[in-house]
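Provided below for reference: sequence and predicted model.
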Amino acid sequence: MRKIFVSLLVLVMLTVNAHAEDSYDPQHTMLALNMAVVSVHRILSAQDRIILDAEYQNIINNLSIGNIRSDPEITGLYRKLLDSAQGKKLRQEEAAELRRQYDNQSSSRIKSALSEMAENSRKMLTGETGISSFFTGLGRLAGACMASYFKHQSANSDINLGAELYRLKAEDMADFNDLQKQLLSSSWELLNKYHLPDEYRLVQRALDDFYRAVEEPDTASRRLRMLKALEDDFRVYPPYWYYRAKTAQEVGDIDETEKSFARFNEAWRPVLRKDPYMLEAVKYRINTMLADGIPDDARTRDEILALAGTMRDNTLREDWENNLYAAALYYTLGDKESAMKCAEVNLDFGYESELTSAMISQMRAGVAFPMLPEDTLRAVKLNAFTAGMTSQDREAAFIVADFFDGRDGASERLAGNDNPLAVHARRIDAYMRADGSAFGDILGLAEIPGDFAGAYSGALEMVQDYADRENVRAEIYLADMYNYGLGTDKDSQSAMKYYRLAGVNGDIYSQFMYVNLALMSRDYGAESQSPEALYSSAMRHYNRKDYAKAAEIFTLAAEEGHPQSQYMIGRMYEHGQGVSKNIDTAREWYTKAADNGESRAKKAMNRLSGKKSWWPF
């Protein structure tokens, strides 16, 4: 009986092993071998230690060993290849000098891309383009941030390191010639072993034509024709489809670009730990999805974030350009933590501190688009805030913004403008210039002449933005708006909030106004307001995207039986706005709102019918 059991156990183990053998994809091995063949071919063609170093760092010494079977046909050859390249690659000081020169060129490219983004943003100010122009610029930035493997292909002719010093010696070339013969011979053995068709084998003649096509200096159209002619020789080699896609993109053939990147994905196998080809392919996909701005639906956004993760997984630590681009991308998508991590890699390891430090500083300050120059960012924000205003109101709003920022000449410009927005700021300016000792003028705000409702309502979002960044002048201005109902409903609670904030910073007028309002209302909290007033207050916070505060106030009103507030807090639980996403809680509030006659709640309940808690909407 024991012998039977042992025999059965052996049979099971053999079956399991056989299944494991059958489940292995031999294309991993063939692609690893072909990568080595191409690397050696490039080294022999260039006869250059710079090319050798790039192939060593990005291909030869970058294999994902865990994804490739240990075939003797390839293991020994890769060991020889590593040994040969190790002794001939750049020394540490040579590599540092090479990196310095590449980085100088990279910085110039990136600054040029940033200048284009700034120009697009200025066009947004005049209405020539929309917000999509920023994302077009982001795509240009992605193109400027090349993976380190591709830098030498575009910049090598401009690198000055001494031609003779970096040429491979004759005996070195002989070693690589022998290796190439062995690699090509191994291709036959692996094809027979895995019963693969001959198209998986790369040959010398085809490789010569391939790099003639890739390096074709004439036109992109001719390069694309040459690459298409080589399809039969390279259809299973992913880098071929990458170069074909990039060339089609350069030509402007979108269909060919999409098709070629799709074929790249089909042929790709994870044989490199950090794959520069996958990195660039993913960047293309991301920029295509962001061409018209940040998508509204959560699933598309999650897909972009997943692609950003793939991009990050395939970025070398020293590839500071793509670390910078990844940081900008994550930040734009709202993932500030990942953005900071990507940028901090550059600082921690000493890569490009100037651009990175500026970007980190802007991200910490909450700047909307941290890759743009500060003045451009400010102009873009002001343009967005004042988009619906008349030209006179808009001019006054920009002067008020200069006053908030303490810019030179702001006081003089305020003095020469009689728009209500400027008059208000002028009174605050005069009071502050008098060291806060005479604020009687400000108390006449309720009697500001003219039709000021439209001007103030248009400026509310801008003033709110400044006040929320702890700008004392804006805090006083906004508190006045809420206190006197300038362009918004009178709201003593919001007025008290901003008077208190300015008062904490030592402003005497704000301290006086806070105490005065508190004594008049005897109301220090939202709890004592009517449900309708709470709802109005909550909607203001909601429209300003202060979701946490909005949820807090909606809940107070909802618990008083206010149907619109019950609907809104249900919606916030459904979408996870200011509260943890909870479909069951959302359904409970929708039910209460529907029972109280809120028609939107009934539609929401129908929409939630059968919806699972993991659903992203």
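Happy to help now that I have it.

quick one, what contacts Ala586?
Residues in contact with Ala586, defined by C-beta atoms under 8 Å, 6 or more residues apart in numbering, are Gly570, Arg571, Tyr573, Glu574, Ala604, Leu608. For every residue, glycine as well, the C-beta is placed using N, CA and C.

what do you get for Asp313?
Asp313 sits next to Lys274 when contact means C-beta under 8 Å, 6+ apart.

Phe385: how many residues sit nearby?
The local packing of Phe385 (other C-beta atoms under 10 Å) involves 22 other residues.

wait, it sits on Ser457?
No - taking contacts as C-beta atoms under 8 Å, Phe385 lies outside contact range of Ser457: 11.8 Å.

in the stretch 201-350 of the chain, which spans are helices?
Using DSSP state H, counting those that start in this stretch, the helices found in the stretch 201-350 of the chain span residues 204-214, 220-229, 231-234, 238-251, 254-267, 276-289, 298-313, 320-332, 336-348.

in the longest one, what counts as buried?
So that's helix 298-313. Buried positions in helix 298-313, judged by neighbour count with 16 or more other C-beta atoms under 10 Å: Arg301, Ile304, Leu305, Leu307, Ala308, Thr310, Met311, Arg312.

just to revisit the earlier point, could you identify which of the helices of the stretch 201-350 of the chain is most buried?
Comparing those by mean neighbour count (mean count of other C-beta atoms under 10 Å), helix 320-332 ranks first with a mean of 25.

who does it touch, helix- and strand-wise?
Contact partners of helix 320-332 among helices and strands, from 3 or more C-beta pairs under 8 Å, 6 or more residues apart in numbering; DSSP states H and E: helix 92-126, helix 132-144, helix 276-289, helix 298-313, helix 336-348, helix 353-364.

does the shortest one pack against any helices or strands, and if so which?
Of the remaining helices and strands, those touching helix 353-364 by 3+ C-beta pairs under 8 Å, 6+ apart are helix 92-126, helix 320-332, helix 336-348.

same question for the fifth one.
Applying 3+ C-beta pairs under 8 Å, 6+ apart, one finds that helix 336-348 contacts helix 298-313, helix 320-332, helix 353-364.

and the shortest one, what's buried?
Okay, so that is helix 353-364. Buried residues in helix 353-364, counted by 16+ other C-beta under 10 Å: Leu355, Thr356, Met359, Ile360, Gln362, Met363.

doesn't Val345 make contact with the fourth one?
Pointing back at Ile360 there. No - Ile360 is beyond contact range of Val345, at 11.2 Å (criterion: C-beta under 8 Å).

now the residue nearest the centre of the chain, nearest residue through space, not along the chain?
Closest residue to the average C-alpha location of the chain: Leu329 at 0.8 Å, with C-alpha atoms, centre = their mean. Take Leu329 and drop its neighbours on the chain: the residue closest to it by C-beta to C-beta, 6 or more residues apart in numbering is Ala308, 5.5 Å away.

the one you found and Gln464, how far apart?
Going from Ala308 to Gln464 by C-beta to C-beta, to the nearest Å gives 31 Å.

for Asp253, same thing?
Counting by C-beta to C-beta, the gap between Asp253 and Gln464 amounts to 47 Å.

ok, Glu560 next?
Distance of Glu560 to Gln464, computed by C-beta to C-beta: 27 Å.

the two: who's more crowded?
Between Glu560 and Gln464, counted using other C-beta under 10 Å, the more crowded position is Gln464 (22 against 15).

what's near enough to touch the more buried one?
Leu478, Arg544.

check which residues of the helix or strand containing it are buried.
Assessed by DSSP states H and E, Gln464 sits inside helix 453-468. Applying a neighbour-count criterion of 16+ other C-beta under 10 Å, one finds 455-460, 462-468 buried in helix 453-468.

same thing with stretch 601-612?
Ala601, Lys602, Ala604, Met605, Leu608.

hmm, back to that, rank the helices and strands packed on helix 320-332 by pLDDT, which is bottom?
Among these, helix 92-126 carries the lowest mean pLDDT, a mean of 65.

where does the stretch 351-500 of the chain have low pLDDT?
Per-residue confidence for the stretch 351-500 of the chain (pLDDT under 70) gives these ranges: 365-377, 380, 435-454.

please apply the same query to the stretch 201-350 of the chain.
Checking the stretch 201-350 of the chain against pLDDT under 70 turns up 292-297.

one more time with 80, if that's ok
By pLDDT under 80, the low-scoring segments of the stretch 201-350 of the chain are 290-301, 332-334.

in the contacts of Ala586, which has the lowest confidence score?
Ranked by pLDDT, the contacts of Ala586 bottom out at Leu608, which scores 78.

so what's that one up against?
For Leu608, the contacting residues are Glu574, Ile583, Ala586, Arg587, Tyr590, by C-beta under 8 Å, 6+ apart.

and the nearest residue to the fourth one once chain neighbours are set aside, how far from Gly570?
In space, and not counting its chain neighbours, Arg587 is closest to Leu608: 5.7 Å by C-beta to C-beta, 6+ apart. Using C-beta to C-beta, one gets 9 Å for the distance from Leu608 to Gly570.
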